[in-house]
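Q: Sequence plus predicted model, see below.
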Amino acid sequence: MSLDKNEIAKRIAKELKDGYYVNLGIGIPTLVANFIPKVIEVVLQSENGLLGIGPFPIKKELDADLINAGKQTVTYVKGAAFFDSATSFAMIRGGHIDLTVLGAFQVNERGDIASWKIPGKMIKGMGGAMDLVASAKNIIVAMTHTDRKGKSKLLKECNLPLTGVSCVKRIVTDIAVVDITPAGFKLIERAPGVSVEEIVEKTEAPIIVNGDIPQMQL
Amino acid sequence: MNKTVMDAFEALRGLEDNMTLMLGGFGLCGIPEKAIQAMHNLGVKGLTCISNNAGVDDFGLGILLERHQIKKMISSYVGENAEFERQLLSGELEVELNPQGTLAERCRAGGAGIPAFFVPAGYGTEIAEGKEIRKFNGKMFLLETALTADFAIVKAWKGDTAGNLIYRHTANNFNNMMAMAGKITIAEVEELVPAGELDPNCIHTPGIFVQRVFQGEKYEKRIEFATTSD
């Protein structure tokens, strides 16, 4: 069984460690916040100028001056701080963020990522993604393993405009956890009930499979 | 030094066609909605707008796009605006997309007298085309240049007659550094008080950067995506 969005987020939440400052991108990455283990303390950064994102507000506490980078209304936690965009990207560019989780259209076997533009079809802009992938110490991509037409998103070469090069460390998809190593993609875990053969078949680039591949613990 | 003007129209005195503007805000959060409405009414054209986003179809910069008042946008993210996408794909609108942190730093540098600086964002991508690339400590960086504007137009929560500004929550975003980078900086505020009433320890933008300040009436402060937990 392939994972749904929430299960992908749940698996990624296991990557968070106590004391981490984390930037979560739009989409599946935002859902990771719902699965942070209660026993650890993690501070979420939003690049529009908030350190310490809280849950979505209740209706009567909606505040137009309090949004996340996806432009959704949020709240802030105790100990939060607000700041301007230059300070925010000083945190990012300066390497103060421990982990970045973001979505992607494609990732190649060297860890290049394409996530911001589909020529002729869609241009929304890169937002903060280029800054984040160029500077974060650790980058995890959350995405489905294949696109809607069934084409692999884990490629030898990306064919869409790049967001950054040699930056992605790990990919969590609906069927697998895959690391980017100097030798290329390496299979780390498989989704419950998904075979290694299916993952290899749905990965366009070669993927290293060493020994028994454990199932994800969700 | 009293920087107070009556309203957005007086604040925009000297604004002409084909000028370059900076406009603060992230999405619809912290945008100078009164000055944008006034520019819509004035009908100035051929504007180059430096702004992280382009508003939505009927609010924020979207209303200037709709009247074809904008010639060029310098932004980082322009989604959620159908008219923008249409003008972009048809070639009516020129767009320069910057990584968000690079855009923020270009504004800060412009205000701080730094003509150019190196950043890692965009190395190996189409953003790097035509830019000087240099290696520092084993890592590759692009040379990016500063931005300035004929008018920088920002929105603050509180301001005083000396032009000191305080922003609220995430409505600070690009406002603070854009305020530094305008030949003329206009600040519209929700509450304008006499100099001396704001705590000097809490000022985000010191008044030296601001030439004109006015209090806007009845802020709409529209929410783009109202997400709630109940």
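A: Looks like it came in fine. Everything quoted here is computed from the prediction, not taken from an experiment.

Q: Ignoring the adjacent residues along the chain, who's closest to B:Glu10?
A: B:Phe214 (7.2 Å; CB to CB, 6 or more residues apart in numbering or on different chains). No exception for glycine: its C-beta is placed from N, CA and C like everyone else's.

Q: which residues does that neighbour contact?
A: Residues near B:Phe214 by CB atoms under 8 Å, 6 or more residues apart in numbering or on different chains: B:4-8, B:10-11, B:34, B:186-189, B:192.

Q: So it lies in a helix, does it not?
A: No. With DSSP: H, G, I helix; E, B strand; the rest coil as the criterion, B:Phe214 is assigned strand and is not in a helix.

Q: hey, what's it bridged with?
A: B:Glu188 (DSSP bridges).

Q: the helices in chain B, which residues?
A: Here chain B has its helices, by DSSP state H, at B:8-11, B:33-42, B:62-66, B:82-90, B:100-112, B:175-178.

Q: looking at these, which is buried most?
A: Among those, helix B:175-178 has the highest mean neighbour count (mean count of other CB atoms under 10 Å in any protein chain shown), at a mean of 30.

Q: For residue 48, give me its contacts.
A: Unless you meant another one, I'm taking chain A. A:67-69, A:85, A:88, B:26-27, B:29, B:170, B:173.

Q: was after chain B, sorry
A: B:18-21, B:70-74.

Q: cool, B:Ala54 as well?
A: B:60-62, B:65, B:73, B:75, B:78, B:81, B:84.

Q: out of those residues, which touch chain A?
A: B:75, B:78 (CB under 8 Å from any CB of the partner chain).

Q: of the contacts of B:Ala54, closest to A:Ile92?
A: B:Ser75 (18.4 Å; CB to CB).

Q: Run through the bridge partners of the closest one.
A: Those that pair with B:Ser75 in a beta bridge, by DSSP bridges, are B:Leu97.

Q: roughly how far apart are it and B:Asn81?
A: Remark: distance between B:Ser75 and B:Asn81 (CB to CB, to the nearest Å) = 10 Å.

Q: where do the contact lists of the two overlap?
A: B:53-54.

Q: Is A:Asn210 located within a helix, as I assumed?
A: No. With three-state DSSP as the criterion, A:Asn210 is assigned coil and is not in a helix.

Q: Correct me if wrong: it contacts A:Ala183.
A: No. The pair A:Asn210 and A:Ala183 fails to qualify as a contact (CB atoms under 8 Å) at a distance of 10.8 Å.

Q: Buried residues in stretch B:200-219, which are they?
A: B:203-205, B:207, B:209-216 (16 or more other CB atoms under 10 Å in any protein chain shown).

Q: which residue sits farthest out from the middle of the chain?
A: The chain I'm using is chain A. Most distant from the centre of chain A: A:Lys60, at 30.9 Å, with distances by CA atoms, centre = their mean.

Q: Not quite, go with chain B.
A: Here the centre of chain B is the reference, and by CA atoms, centre = their mean the most remote residue is B:Gly138, at 34.2 Å.

Q: Now do the contacts for it.
A: No residues are in contact with B:Gly138 under the rule CB under 8 Å, 6+ apart.

Q: just A:Ala134 next, same as before
A: Here A:Ala134 is in contact with A:93, A:164, A:167, B:99, B:119-123 (criterion: CB under 8 Å, 6+ apart).

Q: same question, B:Ile153
A: B:21-24, B:32, B:35-36, B:178, B:182, B:185-186, B:188.

Q: go again using 7 Å as the cut-off
A: Counting by CB atoms under 7 Å, 6 or more residues apart in numbering or on different chains, B:Ile153 touches B:21-23, B:32, B:35, B:186.

Q: Report the buried members of the residues you listed.
A: Judged by 16+ other CB under 10 Å, buried ones among the contacts of B:Ile153: B:21-23, B:32, B:35, B:186.

Q: Next secondary structure after whichever helix or strand A:Ile171 is part of?
A: Using DSSP states H and E, A:Ile171 sits within strand A:170-172. Counting by DSSP H and E, the next helix or strand C-terminal to strand A:170-172 is strand A:176-181.

Q: As CSV, could you dump the C-alpha coordinates of that following strand?
A: What follows is strand A:176-181, C-alpha atoms only, in CSV (Å, rounded to 0.1, in the frame of the first residue of the first chain):
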residue,chain,number,x,y,z
ALA,A,176,10.0,4.5,-0.2
VAL,A,177,12.6,6.4,1.7
VAL,A,178,15.6,7.0,-0.6
ASP,A,179,18.9,8.6,0.2
ILE,A,180,21.2,10.4,-2.2
THR,A,181,24.7,9.0,-1.8
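
Q: Parallel or antiparallel, list what pairs with it.
A: Per DSSP bridges, strand A:176-181 is paired in its sheet with strand A:170-172 (antiparallel), strand A:184-190 (antiparallel).

Q: Tell me the one among the contacts of B:Thr48 nearest to B:Leu147.
A: B:Ile74 (7.2 Å).

Q: What about that closest one, how many residues nearby?
A: Residues lying near B:Ile74 (other CB atoms under 10 Å in any protein chain shown) number 21.

Q: go on, the one 5 residues further on?
A: The burial metric for B:Gly79, expressed as a neighbour count using other CB under 10 Å, is 17.

Q: Can you name the residues that contact it?
A: Per CB under 7 Å, 6+ apart, neighbours of B:Gly79: A:124-125.

Q: let's see 10 Å
A: B:Gly79 makes contacts with A:26, A:71, A:122-125, A:127, B:27, B:53-54, B:85, as judged by CB atoms under 10 Å, 6 or more residues apart in numbering or on different chains.

Q: Do you know the pLDDT at A:Asn68?
A: Looking at A:Asn68, its pLDDT stands at 95.

Q: Actually, A:Lys124.
A: A:Lys124 is given a pLDDT of 84.

Q: follow-up on the earlier one: looking at the contacts of B:Gly79, state which has the most neighbours.
A: A:Gly127 (31 neighbours).

Q: got a pLDDT number for B:Glu80?
A: 78.

Q: Contact partners for it?
A: A:71, A:124, B:27-28, B:53-57, B:62, B:224-225.

Q: Please report phi then psi for it.
A: Taking degrees, to the nearest 10, you get phi 70, psi 30 for the backbone angles of B:Glu80.
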